[in-house]
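**Q** Could you work out the structure for the sequence below:
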Amino acid sequence: MTTRLLSPNGEFLIGKGYPTVLINDQLRVLDQSPEVFEKLMNNEVDGLIELAKNGFQHGLDMVDILIYHPELDEVELLPRIVHQINKVVGCPMMLDTRNPQALEAALKEIQPFQAVINSVTAEKEMLDVILPIAKKFDAVVVGMPIGDKYGLPKTLPERLYEANVIIEACEGTGISRNRILMDGVVLASAAEPDSFHVTVESLNAYQDQFGVATILGIGNAGFGMPTPTVIDLAFLIGAIPWGLNSALVNPKTRGLIETVRAMDFLVNHDSGGKRYIHWYRKNRKL
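**A** Numbering: from 1, shown residues only. I've put the predicted structure just below:
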């Protein structure tokens, strides 16, 4: 199934056979400089907007917004941020919050456009709170297959069980499978040597058995290793032929954009290499 998002920049597609969607993971409030954080304390969001703008200009497709902090008012700030990103950047957004009031305020602010909710686990309490909001605003839901029976599952059957709990809960709320992105779960490969194989097999199974699009946050892959971003990128590239459709990434990772575009071309997710050629021509002018 293909997941469709409507943003000011137009219709956006995530799914099997489409180019890999790259999501800027750098709008996390805990990673910001003291200057940016101080501005957020005063409800000034231009520092985060600039990060979103820079990522988009570098070739990323979406932005993930995570501003949870005990000293910040998510209900006030999140709608303000999404309003400005809609206005200045126009790209689709992922709302990385479990605060139902902040989530509903932000989704209402961006109407008639849509966003992705990142994320829901298989825990009933969370599903009961977040899924009705997703249905109300036709948002896409990221499913994180943990928490119902197996906690953090480390085998394929366990992950499929947890994923199925989420999918059934979504469908019970009226959310169809083309409004779900299922996370393959990336663990630190230094601590879990078989992590890569379990993750890519999960991605493949999500597509073939459940018919849902897929997503990864690759930042854990290289944890504990020298130059971890190299491991992260290798993990990402290796996952694309297995069915990875979207990923949260650091736009500063060396070689990220061109390598992903090249792999999309090689696996025929970029017919004629159009996106790769566009990237090449754009960057040759810089």
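
**Q** all contacts plus neighbour counts: C-alpha atoms, from now on.
**A** Noted.

**Q** confidence score at the residue positioned nearest the centre of the chain?
**A** In the chain, the C-alpha nearest the mean C-alpha coordinate belongs to Leu248, at 4.9 Å (CA atoms, centre = their mean). Note on Leu248: pLDDT of 97.

**Q** Can I take it that it is in a strand?
**A** Yes: Leu248 forms part of a strand when assessed by DSSP: H, G, I helix; E, B strand; the rest coil.

**Q** what's the neighbour count on His69?
**A** 11 (other CA atoms under 10 Å).

**Q** Would you agree it is in contact with Asp31?
**A** No: using CA atoms under 8 Å, His69 is not in contact with Asp31; the gap is 11.5 Å.

**Q** And Gly47, how far from Asn164?
**A** 39 Å (CA to CA, to the nearest Å).

**Q** err, Leu60, not the other one
**A** Taking CA to CA, one finds Leu60 at 30 Å from Asn164.

**Q** Compare these two and say which is more crowded by neighbours.
**A** More neighbours surround Leu60 than the other of Leu60 and Asn164, with 22 against 17 (other CA under 10 Å).

**Q** check contacts around that one.
**A** 21-24, 251, 257 (CA atoms under 8 Å, 6 or more residues apart in numbering).

**Q** So what does it look like in phi/psi?
**A** According to degrees, to the nearest 10, the main-chain angles of Leu60 amount to phi -80, psi 160.

**Q** Now do it, the pLDDT please.
**A** Note on Leu60: pLDDT of 94.

**Q** follow-up on the earlier one: quick one: the residue nearest to the centre of the chain from Ser202, how far?
**A** Distance of Leu248 to Ser202, computed by CA to CA: 17 Å.

**Q** what do you get for Leu78?
**A** To Ser202, Leu78 is 32 Å away according to CA to CA.

**Q** so where do the helices sit in this protein?
**A** Per DSSP state H, the chain carries helices over the ranges 34-41, 46-58, 74-88, 100-110, 124-136, 156-172, 195-205, 228-239, 256-266, 274-284.

**Q** Tabulate those (TSV), appending distance to Arg179.
**A** Shown next, in TSV, are these (distance: least, CA to CA, whole Å):
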stretch	distance to Arg179
helix 34-41	31
helix 46-58	23
helix 74-88	20
helix 100-110	15
helix 124-136	9
helix 156-172	9
helix 195-205	16
helix 228-239	22
helix 256-266	23
helix 274-284	25
